[in-house]
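**Q** structure for this input, please:
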Amino acid sequence: MARPLIAIAGLACETSTFTPSRTSAAAFHPQRGDAILTERYPFLLPGTPLGDSAAWHGALTGHALPGGQVTREAFESLASEIVTRLHEIIAAHGPLDGLWFDIHGAMVVEGVSDSEAVLLRRIRAVIGPSALVSASMDLHGNVSRTLAHAADLLTCYRTAPHVDVRATRERACRNLIACLRRGQRPLKAWVPVPILLPGEQTSTRDEPARSIYAAVEAVEEADGVLDAAVWVGYAWADEPRNRAAVVVTGWERGAVARGAESLARLFWNARAEFMFVAPTGSFAECLDAALQADASRRPFFISDSGDNPTAGGSGDVTWGLTRLLEREEFRAPTGPTVIYASVPGPEAVEIAVRAGVGATVTVAAGAEVDDLHAGPVTLTGRVHSIKEGDLHAGVEVVLQVGSVFAILTKLRKPYHLERDFTQLDLRPREADVVIVKIGYLEPELYAMAKDWMLGLTPGGVDQNLERLGHQRIRRPMWPFDQVFGTDPDLSARFIPMSDEPLTGVDE
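**A** Residues are numbered from 1 along each chain as shown. Next comes the predicted model:
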């Protein structure tokens, strides 16, 4: 066949419905046209194996930092532009053979249920029922029956922390090319699994998730199977689609069904084995443990997990920093060295920048968006460092308050890399305690930590799910419900092909 014509489109944002923050269109940093290939996905450029296998055309893709619900205005404006640009691609080049749907899977839009499925239906109205659609997703996304119907292929990451992001996206594109060359839509088996757990209990570093995801490749290797994927689901949104799921695609019905059902049973049978990735405790208990740790266990990392901005937290909850500054142990500059990352405070940052490094300032920061747990925190300290031009934070300032080095930002920012600290003249490896708004430690932090604990702190991504008050998730659901009247139905549901009507309730 001639080189197929494939478009690229999608919106990605992991969205907590338990934070008051909102996500705007600008937060997606949308890329358009050729920039999608040249700046975001060079593995699709001419001269690469995938780039030479098809004619790829970017419509619009956007990836927002996790946060609060996407505003309806933002969604409508970006979705409308995607539709318009797809029309333009078709007008210029002819009918599309396929589309790579570049999403996360846990985006929530104000007033819209199952927003990725809604977006894909709008795309389908443009590209037609015959075009094949391949979606790449985060394993913390959600796969509704409607989404599984609208897409022909769905795959997701197989690691958490996610070290296979590019590999997953390339796999989604390879699978699409394989189906187009074969000239056949794959069979799709979908199994919803009534489990909803946070990522901090399902890291693939640890059992049982390690074994569950190791089994994915074994299923995929069976004759007649093209792809296998397991979604943990996203725990901090309150929607009926939020739960674990398995999708297996391929050509041989029996192999596809057996693979899907085996993965679903493996997940369900392990439900009581999922534990947090590190010792847990209240924030006070974590600080006590860090102070009691000897030199061989420092730096001691603490996850201020309830306001993790890369899980959907607003990032400006001040509860943790407030509790930290109340401790007597850290009030003198000679106390144990603590780095705290971070709290947004635009006015505080502006005051510190005007004063300059070395100046002593009194500022208030945080709680401009999420004041449900604590109000603004007031700090009097010495300006230790200033950095401008960060992609996420804009401007960063470090204030030394006693022995605490608190990072304040103009805009919220995740701190995952050693250079995030060293560029601020901070030395995390030499600190006694490093406190980061995060859940499980990302690889570089994990490598630096001599010991660590997961602080069960409040916020929009509270690890104590029952404290959040879900109302719309399907019940029974583990671990919200410990006793099920009967075992769940883990049989494979073969979803109609996308060019066939979907009937029945979206289970």
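**Q** any idea how far the one helix or strand residue 249 maps to is from the chain center?
**A** In this assignment (DSSP states H and E), residue 249 forms part of strand 244-250. The chain centroid and the centroid of strand 244-250 are separated by 19 Å under CA atoms, centre = their mean, to the nearest Å.
**Q** and stretch 30-49, by the same measure?
**A** The answer for stretch 30-49 is 22 Å, by CA atoms, centre = their mean.
**Q** again, but for stretch 284-297
**A** Chain-centre distance of stretch 284-297: 30 Å, with CA atoms, centre = their mean.
**Q** try stretch 257-264
**A** Average the C-alpha atoms of stretch 257-264, do the same for its chain, and the two points are 25 Å apart (CA atoms, centre = their mean).
**Q** list the contacts of that stretch.
**A** For stretch 257-264, the surrounding residues in contact (CB atoms under 8 Å, 6 or more residues apart in numbering) are 189-191, 193, 212, 215-216, 219-220, 222, 225, 228, 230, 246-248, 250, 490-492, 494. For the C-beta atoms, the positions are set from N, CA and C on the backbone; glycine is no exception.
**Q** put the alpha carbons of it into CSV.
**A** Extracted C-alpha coordinates of stretch 257-264, given in CSV (Å, rounded to 0.1, in the frame of the first residue of the first chain):
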residue,chain,number,x,y,z
ALA,A,257,-9.9,-13.2,25.6
ARG,A,258,-7.6,-15.4,27.5
GLY,A,259,-4.9,-12.7,27.8
ALA,A,260,-7.4,-10.1,29.0
GLU,A,261,-9.0,-12.3,31.5
SER,A,262,-5.7,-13.6,32.9
LEU,A,263,-4.4,-10.0,33.5
ALA,A,264,-7.7,-9.0,35.1
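**Q** for the record, mean pLDDT for it?
**A** In this model, stretch 257-264 has a mean pLDDT of 98.
**Q** what does stretch 154-167 give?
**A** Averaging pLDDT along stretch 154-167 gives 97.
**Q** and stretch 324-340, by the same measure?
**A** Taken as a whole, stretch 324-340 has a mean pLDDT of 97.
**Q** tell me the buried residues in the strand of greatest length in the chain?
**A** Longest strand in the chain, counting residues (DSSP state E): strand 377-390. For strand 377-390, burial by neighbour count (16 or more other CB atoms under 10 Å) applies to 377, 379, 381, 382, 383, 384, 385, 386, 387, 390.
**Q** what helix or strand is the nearest residue in space to residue 327 that is not next to it in sequence on?
**A** Leaving aside its chain neighbours, residue 327 sits nearest to residue 287 (6.5 Å; criterion: CB to CB, 6 or more residues apart in numbering). For residue 287, the host element (DSSP H and E) is helix 283-292.
**Q** any idea of the angle the helix or strand just after that helix forms with helix 283-292?
**A** The C-terminal neighbour of helix 283-292 among helices and strands, as given by DSSP H and E, is strand 300-304. Comparing the axes of strand 300-304 and helix 283-292 via axes from the mean of the first three to the mean of the last three CA atoms, to 10 degrees yields an angle of 170 degrees.
**Q** now do strand 300-304: distance to the chain's middle.
**A** Distance of strand 300-304 from its chain centroid, counting by CA atoms, centre = their mean, is 20 Å.
**Q** show the average pLDDT along that strand.
**A** Mean pLDDT, strand 300-304: 98.
**Q** ditto for stretch 226-236
**A** Mean pLDDT, stretch 226-236: 98.
**Q** pull up the distance across it, start to finish.
**A** Taking CA to CA, to the nearest Å, the span from the opening residue of stretch 226-236 to its closing residue is 31 Å.
**Q** start the count at 14 instead of 1 going forward.
**A** From this message on, residue numbering opens at 14, which makes the last subject stretch 239-249.
**Q** OK, contacts around residue 232?
**A** Residue 232 neighbours (CB under 8 Å, 6+ apart): 238, 241, 261, 272, 273, 275, 276.
**Q** quick one: which of those residues is nearest to residue 490?
**A** When the contacts of residue 232 are ranked by distance to residue 490 (CB to CB), residue 276 comes first, at 18.7 Å.
**Q** the residue nearest to residue 340 against residue 313, yeah?
**A** No - applying CB atoms under 8 Å, one finds residue 300 not in contact with residue 313, separated by 9.4 Å.
**Q** which neighbours do these two share?
**A** residue 446.
**Q** in the longest helix belonging to the chain, what counts as buried?
**A** The residue-count maximum for a helix in the chain (DSSP state H) belongs to helix 85-106. Residues of helix 85-106 classed as buried: 87, 88, 91, 92, 94, 95, 96, 98, 99, 102, 103 (neighbour count, 16+ other CB under 10 Å).
**Q** list the contacts of the longest strand of the chain.
**A** 331, 334-335, 338, 356, 361, 365-366, 368-380, 407-415, 417-419, 421-422, 426, 436-439.
**Q** hmm, try it at 6 Å
**A** Strand 390-403 is contacted from outside by 331, 334-335, 365-366, 368, 370, 372-373, 375-379, 408-414, 436-438, using CB atoms under 6 Å, 6 or more residues apart in numbering.
**Q** quick check: next helix or strand after that strand?
**A** Moving toward the C-terminus from strand 390-403, the first helix or strand encountered (DSSP H and E) is strand 407-414.
**Q** can you show me the CA trace of that next one as CSV?
**A** Output in CSV follows, covering the C-alpha atoms of strand 407-414 (Å, rounded to 0.1, in the frame of the first residue of the first chain):
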residue,chain,number,x,y,z
GLY,A,407,8.6,31.3,35.9
VAL,A,408,10.6,32.7,38.8
GLU,A,409,12.0,30.7,41.8
VAL,A,410,13.2,32.1,45.1
VAL,A,411,14.8,30.3,48.1
LEU,A,412,14.2,31.8,51.5
GLN,A,413,16.3,30.6,54.4
VAL,A,414,14.2,30.6,57.6
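**Q** quick check: next helix or strand after that strand?
**A** The helix or strand immediately downstream of strand 407-414 is strand 417-422, counting by DSSP H and E.
**Q** now that following strand against strand 407-414, angle please.
**A** Inter-element angle recorded for strand 417-422 and strand 407-414: 160 degrees (by the same axes, to 10 degrees).
**Q** list the buried residues of the helix or strand just after strand 417-422.
**A** Proceeding N to C from strand 417-422, the next assigned helix or strand is helix 431-435, under DSSP H and E. The neighbour-count check on helix 431-435 (16+ other CB under 10 Å) flags 431, 433, 434 as buried.
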